[in-house]
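**Q** Mind folding the following:
(chains A, B, C and D)
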Protein chains: 2
Amino acid sequence: MNIRPTPTDAATDAATPATAEAPMPLDDLCAGAGTVCSARYRATTPDRVLAAASWLFCHHGFQATGVDAIARRAGTAKTSLYKHFGNKEQLIEAVLEREGAAWRSWFFSEMAKVEGTAEDRLLAVFDILGTWFADPHFFGCPFINALGEFDVNNARLRKILAAHKSHLNGWIAAQAEMVGTPDPADTVAQFTILIDGAIVAAQASGNPGYARQARGLAMLLLRSHAPASARK
Amino acid sequence: MNIRPTPTDAATDAATPATAEAPMPLDDLCAGAGTVCSARYRATTPDRVLAAASWLFCHHGFQATGVDAIARRAGTAKTSLYKHFGNKEQLIEAVLEREGAAWRSWFFSEMAKVEGTAEDRLLAVFDILGTWFADPHFFGCPFINALGEFDVNNARLRKILAAHKSHLNGWIAAQAEMVGTPDPADTVAQFTILIDGAIVAAQASGNPGYARQARGLAMLLLRSHAPASARK
DNA sequence: AGAATCGGATACCGATCTGTATTCTTTTTC
DNA sequence: GAAAAAGAATACAGATCGGTATCCGATTCT
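**A** Coordinates of the predicted model:
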C-alpha cells in the first residue's frame, strides 16, 4: 500500500523520463484525466501547469501531490509556476475552477445532442454520466474528492464547489419546471443524490453500470407524479 | 484558505494546551468524531491513539495529519505509537477498520430498535442516516473521503473498503429478498446509490435533510414493484 | 538593434514530514 | 521487593515540503 505515489508511477508522473528532451504533448499530458481532456488547453505555460496539476491531483490527491512534481510533469520550472499562480492553494483553486468549467462545457455539449422532452433530457443526464464513468481513467468527481481532503471550514473551496453545483442544479430546476414536477427544489435535491451517489458508487467499484441504475431511479421518480400528462 | 489546519485549530487538535497536564478524557478525545464516539474505546494506549487519529483524519484529512499531531492529541509519545502500529500506513488501515466496525455496530444497534417488516427496515436505513447527518460534527463517510485522497490502485485500502461495504450490502440483500424485489442485486446497487448520494450531498451542503429525500426515493423504489403484496 | 519580458535552471531556505535511537521513569508481574 | 515490560521525553536523521533568490538564455516588441 502506498500513500505516496508508487515508484512505478514515476514514469507516468513525469513528463520527461529524467533526461530532459522534448516536452510532453498536451494530449499526453492530460491523457486519462477525464474531464480535463475535454478542455483542450492551449499550450501556454499556465495551461500546461493546469493540465499537469489536474492529472496529478486527481490521481494522487491534492495534499499528496508536490509542487515539484507538477512542475516536472508540466515540463516547466517551479519558478514559472509560482509566477503564474502565486502559491499552491491558488493553483488548487484554479485547477478546480477550470475542471468545473471543462466538465460543464463537456456535459452541456453532450446534452445539446439530446432530442426530446425535458424528461428525456433529465434521463439523458445519466447516459452522459455513464460515458464519463466508462473512461478507463475515471477517478471520480474532483469536487467530491476535494470535499473529503480539505478542512470542513474552507470558505474559498466550498464557494467554488457551490458555484459548480449551482450551475447544474439551475439547469435541473429548469427542466423540472418544464416537466411540471410538484416541487422543482425537491427534484433538484433528489437528482443531486442520484448523481453524487452514482459517481461515488462508480468510483468505489470501478463499475460504470451504476449510471444505468441511477437512471432507473430517476425514471421512477419522474413517472411517480403526473401519470401520463406533463409533456412539454 | 488553509490547507494545513488553521492556527485556531491547535487548541482542539492538541489534547493538552501545550503544557502537559492530565491527559484528555477519552470522551473528549473523540468528541464530535461521529461514528468514533459510538465505539467507546477502552483507555489503553493503542485505543487512545486510534481515537485521536480518527478525529484528526476525519477533520483534516489523512495526508494532512502528521504523526506528531496524533501522538500529541492522544497524549502519548510518538515512540509508543510506532511500537503499536508500525508506521502511518498501518495506522490508517487500523483506523479505517475500526471506524467501519464502530459504524456498523452503531448502525445495526439502531436498526435493532426498528419494528416492522423488511420494507420498514429498509426505509429506516435513511432515518438512521439522518441522525448521523444531524451530528454537528458530521464529516462524511471516512471511506468515501479516503477514496478520493489515496491512489486509485491501492489494493489494501480498497480491500478494507470493500469489506465494509459488503457487510451492509449483504444485509440489504437479505432484506430485499424478504421484501421480494425482482432482483435483490439491483436493489442493493440502487440502495448503494441512495446511501452514498445522501452522504455526499449532506456532507457538501451541511443539510441533513437529504436523508429524508433519499428515503422518499427508496420508498418509491420499493413501491414500484409489487403494488400491494409482498409483505413478510 | 536594443530593450524588455518571459521562462528555464539551480541552489537554497526554513519548516515539517516519517521514522528511529537513546535514556529515564513508571507500571505491572512474579 | 526484584525483574520485566511499557511508556514518556528528547533528540536526531534523512527526506520532502512549499516557496524564494539569482542567474542566464530565448523570444518578442518597438
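**Q** mind checking how far the spatially most central residue of chain A is from A:G100?
**A** In chain A, the centroid-proximal residue (CA atoms, centre = their mean) is A:C141; its distance is 4.4 Å. Plainly put, A:C141 is 10 Å away from A:G100 if you go by CB to CB, to the nearest Å. Yep, even glycine has a C-beta here, placed from its N, CA and C like the rest.
**Q** measure the residue nearest to the centre of chain A to B:V179 for me?
**A** For A:C141, the distance to B:V179 equals 32 Å [CB to CB].
**Q** And for A:A155?
**A** Separation of A:A155 from B:V179 (CB to CB) stands at 44 Å.
**Q** who's more crowded, the two?
**A** Each of A:A155 and B:V179 had its neighbours counted (other CB atoms under 10 Å in any protein chain shown), and the higher figure belongs to B:V179 (21 against 9).
**Q** pretty sure that one is touching B:E119, no?
**A** Yes - with contact taken as CB atoms under 8 Å, B:V179 and B:E119 are classed as touching, separated by 5.2 Å.
**Q** shared neighbours, these two?
**A** In the contact map built from CB atoms under 8 Å, 6 or more residues apart in numbering or on different chains, the residues linked to both B:V179 and B:E119 are B:L222.
**Q** what about A:A211, which helix or strand?
**A** Assigned by DSSP states H and E, A:A211 falls within helix A:210-224.
**Q** now A:A176
**A** Take DSSP H and E as the rule and A:A176 turns out to sit in helix A:155-179.
**Q** Quick one: list the elements packing against that helix.
**A** When contacts are defined as 3 or more CB pairs under 8 Å, 6 or more residues apart in numbering or on different chains; DSSP states H and E, helix A:155-179 packs onto helix A:88-111, helix A:118-134, helix A:142-149, helix A:184-205.
**Q** Around DNA strand D, pick out the residues from chain A.
**A** Counting by CB under 7 Å from any atom of the strand, chain A comes close to DNA strand D at A:65-69, A:78-79, A:82, A:87-89.
**Q** Which of those sits closest to B:I172?
**A** Comparing the residues of chain A next to DNA strand D against B:I172 with CB to CB picks out A:T65 as the nearest, at 36.2 Å.
**Q** For stretch A:128-146, measure first residue to last.
**A** For stretch A:128-146, the separation between the terminal residues is 22 Å (CA to CA, to the nearest Å).
**Q** Residues of chain A that sit close to DNA strand C?
**A** Looking at DNA strand C, the residues of chain A close enough under CB under 7 Å from any atom of the strand are A:20, A:44-46, A:75-80, A:83-84.
**Q** Need the buried ones from these selected in PyMOL.
**A** Typed into PyMOL, the line below selects the buried ones among the residues of chain A next to DNA strand C, using 16 or more other CB atoms under 10 Å in any protein chain shown:
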select buried, chain A and resi 46+75+76+84
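**Q** before we move on, the earlier item: nearest residue to the residue nearest to the centre of chain A other than its sequence neighbours?
**A** Take A:C141 and drop its neighbours on the chain: the residue closest to it by CB to CB, 6 or more residues apart in numbering or on different chains is A:I199, 5.0 Å away.
**Q** tell me the contacts of that neighbour?
**A** If a contact means CB under 8 Å, 6+ apart, then A:I199 has A:129, A:133, A:140-141, A:144, B:200 as its contacts.
**Q** Check the gap between A:A94 and DNA strand C for me.
**A** 15 Å (CB to the nearest atom of the strand, to the nearest Å).
**Q** Could you break chain A into its assigned domains?
**A** Following automatic domain parsing, one finds the domains of chain A at A:7-87, A:114-224.
**Q** Do stretch A:146-154 and chain B come into contact?
**A** Yes - contact between stretch A:146-154 and chain B, assessed by CB under 8 Å from any CB of the partner chain, occurs at A:146-154.
**Q** ok, so of the residues you listed, who is nearest chain B?
**A** A:G148 (2.9 Å; CB to the nearest CB).
**Q** who touches the residue lying closest to the closest one once chain neighbours are set aside in this structure?
**A** Spatial nearest neighbour of A:G148, chain neighbours left out: B:N145 (2.9 Å); criterion: CB to CB, 6+ apart. Residues in contact with B:N145 (CB under 8 Å, 6+ apart) are A:147-149, B:58, B:61-62, B:139.
**Q** Can you say which two of those are spatially most distant?
**A** Spanning the widest gap among those are A:L147 and B:F62, at 13.9 Å by CB to CB.
**Q** which residues touch the helix holding A:A211?
**A** With CB under 8 Å, 6+ apart as the test, helix A:210-224 has contacts from A:119, A:122-123, A:125-127, A:129-130, A:133, A:179, A:181, A:187, A:190-191, A:194-195, A:197-198, A:201-202, B:186, B:189-190, B:192-194, B:217, B:220-221, B:224.
**Q** mind listing what's buried in it?
**A** Of the residues in helix A:210-224, those buried under the neighbour-count criterion (16+ other CB under 10 Å) are A:210-218, A:221-222, A:224.
**Q** avg pLDDT for it?
**A** The predicted model gives helix A:210-224 an average pLDDT of 97.
**Q** and it, C-alpha only, in CSV?
**A** Presented in CSV, the C-alpha positions along helix A:210-224 are these (Å, rounded to 0.1, in the frame of the first residue of the first chain):
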residue,chain,number,x,y,z
TYR,A,210,-24.3,2.5,-11.7
ALA,A,211,-25.2,5.2,-14.2
ARG,A,212,-27.9,2.9,-15.5
GLN,A,213,-29.2,2.1,-12.0
ALA,A,214,-29.4,5.8,-11.2
ARG,A,215,-31.2,6.4,-14.5
GLY,A,216,-33.8,3.8,-13.5
LEU,A,217,-34.4,5.5,-10.2
ALA,A,218,-34.7,8.9,-11.9
MET,A,219,-37.3,7.4,-14.3
LEU,A,220,-39.2,6.0,-11.4
LEU,A,221,-39.1,9.5,-9.8
LEU,A,222,-40.4,11.3,-12.9
ARG,A,223,-43.1,8.7,-13.5
SER,A,224,-44.3,8.9,-10.0
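**Q** quick one: low-confidence parts of chain A?
**A** Across chain A, the stretches falling below the confidence threshold (pLDDT under 70) are A:1-42, A:226-232.
**Q** at 50 instead, please
**A** Within chain A, the set of residues satisfying pLDDT under 50 comprises A:1-11, A:15-23, A:31-42, A:228-232.
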